[in-house]
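K.L.:
The following block contains a protein sequence and its predicted model.
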Amino acid sequence: MPLESGVSLIEKGKTMQRISTTLALCLLAGSACAQSVNVDLHASSGVTPSATYGAVPAQIGSWNILTPASNPGITNLVGLNGGASGLTARAVSTGGTGSGSLGTGNFGALMNDYGFGFTQNGGIDVEVNGLDQGFYRAYVYASLSPSEQSYIDGFGFTNFHTNYIGGTIGAASLGFSSTSGPTTSNTFQSGKTHAVLNFVVPAGSPTLTLSVSGDLGNGLAKCAFNGFQLVKITATRLYVNDNATGANTGLSWTDAFTSLQEALTVAKASAGQITEIWVAGGAYFPGTARTSTFNLVEGVDLYGGFAGTETAESLRARPDTMFTPRQALDQWTLQRSNQLQQPLPTSARERYLAVRDMMVRRLQAHGVPLLAGSDGPQFFMVPGFGLHRELEALVQAGLTPYQALLAATRTPAAYLGRGAETGTIAVGKQADLVLLDANPLENISNARRIQGTMLRGQWLARAQLDDLEQRVKAAVRAL
């Protein structure tokens, strides 16, 4: 890549280091990187973004140039590492090119000149051939310059031109989106400067067409196609965190989607490739309307409440896991190890825990009945042992030991309509209870110090319980 004159050797070295890093990452990614491309549509005299510029999806790498024309030639596209991608493309425009000032630097290099469409028949079509089979996201940049974005209608009102975005893969539609409205200099704004299309390329490498057109009902319609990025997705998991501040690609905790609905939309579009969505503790809404609902995707598992700091190994070493089949432990350990490869930021974990504890305290303060539950069996949550951890978590959140014990005894019995037969120790009620050697009202962890159990009227002393535990452990090891 040519460097501007006057750049020092140190600056050149830093630039080459960044490019070399990108090349190494691309080589590791293999065909996924080669088939991910950055493309700038501009006039022949335009400036191209730097290879260190990733735009909206933070996809750093080489940028290709397409100059729109009524009968353009075919361009061989390079991948992010600057090597051959195996893709060819051309940009067909009925209005040639346009330009203006939407920003400076790399942002301006991408956005300031573009393929231009004029009148209701105007538009720009980009044709891409050679795509491998797989799941892709197309980031389409479509924004006129500020001087061209709006017009005054016959009634004296200001209106903004709409860039209608769509496309096809072979004969299949990619769906539709649009951009419109006033833009802010040097700022990407979804729905104003760009939109994203999700699609699956089937076998046979059909032609991908990305289209931007003007308002069919407006004889003075104008539209722009500034550039696009194709991101080939090889991941099978997406991440969601309403507190994330990264690139909003959903591919890591750092760049997690802030919207659960967007993650579900992407998972559905992947046609089975995305199988998991990990969701950090937070508040998520399906939309702004009261009738909005989350559109769950069949075959996609949602995992929530990521706020733990334990490692998979420490979780597996807990005494309660001795009562868990090895197959389940292996699965839990793998899930936790994968989770730790993309750890949730400490600030997000702390925020989740603080909000969770605050909700527990407020519910208790307002007289809302609370029911303890072990959530077992699931991710390192063993039945029985999990209930003790739940009691300790309730106290840590702000309940008294007595209030926590109520949540595991009298309140659940009343909720289930069985308060007359269980939930408290009284004459005539079921003889199901435990005998402790320390007071749980002084320390809730004393509820673990069980010296004997009365089960359906039969007394089991500590020695009998120990013998029963050893037999269960042996049976579990034999599985």
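P.N.:
Right, received. Where do you want to start?

K.L.:
Next up, identify which helix or strand Ser211 is on.
P.N.:
Using DSSP states H and E, Ser211 sits in strand 208-213.

K.L.:
Provide the strand pairings for that strand, with the direction of each partner.
P.N.:
For strand 208-213, the paired strands and their directions (DSSP bridges) read strand 123-129 (antiparallel), strand 162-169 (antiparallel).

K.L.:
Redo those strands as TSV? Include mean neighbour count and distance to Glu148.
P.N.:
C-beta here means a position set from N, CA and C on the backbone, and glycine is covered the same way. Compiled in TSV, the strands paired with strand 208-213 are given as follows (neighbours: other CB atoms under 10 Å; distance: least, CB to CB, whole Å):
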stretch	mean neighbour count	distance to Glu148
strand 123-129	22	14
strand 162-169	22	11
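
K.L.:
Quick one: the ones you listed as a markdown table, columns for distance to Gln229 and mean pLDDT too.
P.N.:
What follows is those, written out as a markdown table (distance: least, CB to CB, whole Å; pLDDT from 0 to 100):
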| stretch | distance to Gln229 | mean pLDDT |
| --- | --- | --- |
| strand 123-129 | 12 | 95 |
| strand 162-169 | 14 | 95 |
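
K.L.:
Tell me which of these lies nearest to Pro57.
P.N.:
Checking the strands paired with strand 208-213 against Pro57 by CB to CB gives strand 162-169 as the closest, at 16.1 Å.

K.L.:
ok, then the element right after the closest one?
P.N.:
Counting by DSSP H and E, the next helix or strand C-terminal to strand 162-169 is strand 172-173.

K.L.:
residues in contact with that following strand?
P.N.:
166-167, 199 (CB atoms under 8 Å, 6 or more residues apart in numbering).

K.L.:
Just name whatever secondary elements the helix or strand following that strand is in contact with.
P.N.:
Moving toward the C-terminus from strand 172-173, the next helix or strand (DSSP H and E) is strand 177-180. Applying 3 or more CB pairs under 8 Å, 6 or more residues apart in numbering; DSSP states H and E, one finds that strand 177-180 contacts strand 162-169, strand 194-201.

K.L.:
Now do the SS call for Ala431.
P.N.:
When classified by DSSP: H, G, I helix; E, B strand; the rest coil, Ala431 comes out as coil.

K.L.:
which non-adjacent residue is nearest it?
P.N.:
Counting by CB to CB, 6 or more residues apart in numbering, Ala431 lies nearest to Gly457, which is 4.3 Å off, once chain neighbours are set aside.

K.L.:
mind checking pLDDT for the one you found?
P.N.:
Note for Gly457: predicted pLDDT of 87.

K.L.:
Val37 too?
P.N.:
Val37 carries a pLDDT value of 97.

K.L.:
Could you report the separation of it from Leu102?
P.N.:
Note on Val37: its distance to Leu102, by CB to CB, to the nearest Å, is 22 Å.

K.L.:
and if you look at Leu110?
P.N.:
Going from Leu110 to Leu102 by CB to CB gives 9 Å.

K.L.:
Name the residue in those two with the higher neighbour count.
P.N.:
Leu110 (31 against 26; other CB atoms under 10 Å).

K.L.:
rewinding a little: heading C-terminal from the strand holding Ser211, find the next helix or strand.
P.N.:
Using DSSP H and E, the helix or strand that follows strand 208-213 in sequence is strand 222-225.

K.L.:
Please name the strands paired to that next one in the sheet, noting orientation.
P.N.:
Partners of strand 222-225 in the sheet, by DSSP bridges, are strand 113-118 (antiparallel).

K.L.:
Endpoints of stretch 397-410, how far apart?
P.N.:
Using CA to CA, to the nearest Å, the end-to-end distance of stretch 397-410 comes out at 20 Å.

K.L.:
hang on, the earlier thing: show the average pLDDT along the strand holding Ser211.
P.N.:
96.

K.L.:
Next, the angle strand 194-201 makes with it.
P.N.:
In terms of direction (axes from the mean of the first three to the mean of the last three CA atoms, to 10 degrees), strand 208-213 departs from strand 194-201 by 150 degrees.

K.L.:
quick one: low-confidence parts of the protein?
P.N.:
By pLDDT under 70, the weakly predicted segments of the chain are 1-34, 45-46, 120-121, 216-219, 304-319, 330, 333-334, 336-344, 374-379.

K.L.:
so is Gly103 in a helix, a strand, or just coil?
P.N.:
Per three-state DSSP, Gly103 ends up coil.

K.L.:
Please, which helix or strand holds the closest residue to it other than its chain neighbours?
P.N.:
Leaving aside its chain neighbours, Gly103 sits nearest to Asn186 (3.9 Å; criterion: CB to CB, 6+ apart). Assigned by DSSP H and E, Asn186 falls within no helix or strand.

K.L.:
Would you confirm that Asn186 contacts Gly105?
P.N.:
Yes. Between Asn186 and Gly105 there is a contact at 7.4 Å, judged by CB atoms under 8 Å.

K.L.:
intersection of neighbour lists for these two?
P.N.:
With CB under 8 Å, 6+ apart, Asn186 and Gly105 have no common neighbours.

K.L.:
ok, the residue nearest to Asp215 when sequence neighbours are not counted to Pro206 distance?
P.N.:
Sequence neighbours aside, Ala221 is the residue nearest to Asp215 in space, at 4.3 Å (criterion: CB to CB, 6+ apart). Going from Ala221 to Pro206 by CB to CB gives 29 Å.

K.L.:
Doesn't Gln396 belong to a helix?
P.N.:
Yes. Using three-state DSSP, the assignment for Gln396 is a helix.

K.L.:
Number the residues from 59 up from this point.
P.N.:
Sounds good: first residue 59 from here, last item Gln454.

K.L.:
what's the burial count for it?
P.N.:
Around Gln454 there are 13 other residues, counting by other CB under 10 Å.

K.L.:
surely it meets Ala412?
P.N.:
No. Using CB under 8 Å, Gln454 is not in contact with Ala412, being 11.7 Å away.

K.L.:
Please verify my assumption that Thr146 contacts Asn187.
P.N.:
Yes. Contact criterion CB under 8 Å: Thr146 and Asn187 qualify, at 5.0 Å.

K.L.:
ok, now which ones touch Ile132?
P.N.:
Taking CB under 8 Å, 6+ apart, we find Ile132 in contact with 146-148.

K.L.:
Remind me which helix or strand the residue of the chain most remote from its centre belongs to.
P.N.:
The centre of the chain is farthest from one residue, Val485, which by CA atoms, centre = their mean lies 54.7 Å away. Val485 belongs to no helix or strand when assigned by DSSP H and E.
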